[in-house]
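Q: predicted model follows, preceded by the sequence.
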Amino acid sequence: MIEPVPRLGDTIDDYCPRCRLLLNHAVASLVDNKVVKVVCQTCHSEHPYRNAELPQKKKPSPRAALFDQVLVKTTSAPEAEAQAPAEESAQAEPEPPKKKKVATPARYISRHKAKPRRG
Ligand SMILES: [Zn+2]
């Protein structure tokens, strides 16, 4: 079986890292009859030919991970973390529930009715 020799400008399928999809690409560079670079026909970005293989490495959510790292750096002052649990344990002692003040009876608000017109 003879493989068709790719030529410049041929349309081949490849994974576009920019579109993150398997899309049509145009052969942009050949070395020894092997596709080296392709141009995405959707976003027109040139990138190395990936043999139409989807990227295997997939981190669950790199953005979320980065965001968490930033949050940890900004929010977790080591001192604050050390103090927070201490306060909680201090408050954990059973305190007698404060008696609520006897609520004063609600005042009856009377609106002055519009005075009847005289005469
Ligand atoms: Zn693309």
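A: Now that the structure is in, tell me what you want to look at.

Q: show me where the protein has its helices.
A: Per DSSP state H, the chain carries helices over the ranges 62-75, 78-91.

Q: least confident of these, on average?
A: Least confident of the helices of the chain, judged by mean pLDDT, is helix 78-91 with a mean of 55.

Q: the ion contacts on this protein?
A: Applying C-beta under 5 Å from the ion, one finds that the chain approaches the ion through 16, 18, 19, 40, 42, 43. C-beta coordinates here come from the backbone N, C-alpha and C atoms, glycine included.

Q: isn't the last one right next to residue 20, touching?
A: No: contact criterion C-beta atoms under 8 Å: residue 43 and residue 20 do not qualify, at 10.3 Å.

Q: out of those two, which sits in the more crowded spot?
A: A count of neighbours by other C-beta atoms under 10 Å puts residue 43 above the other of residue 43 and residue 20, at 13 against 10.
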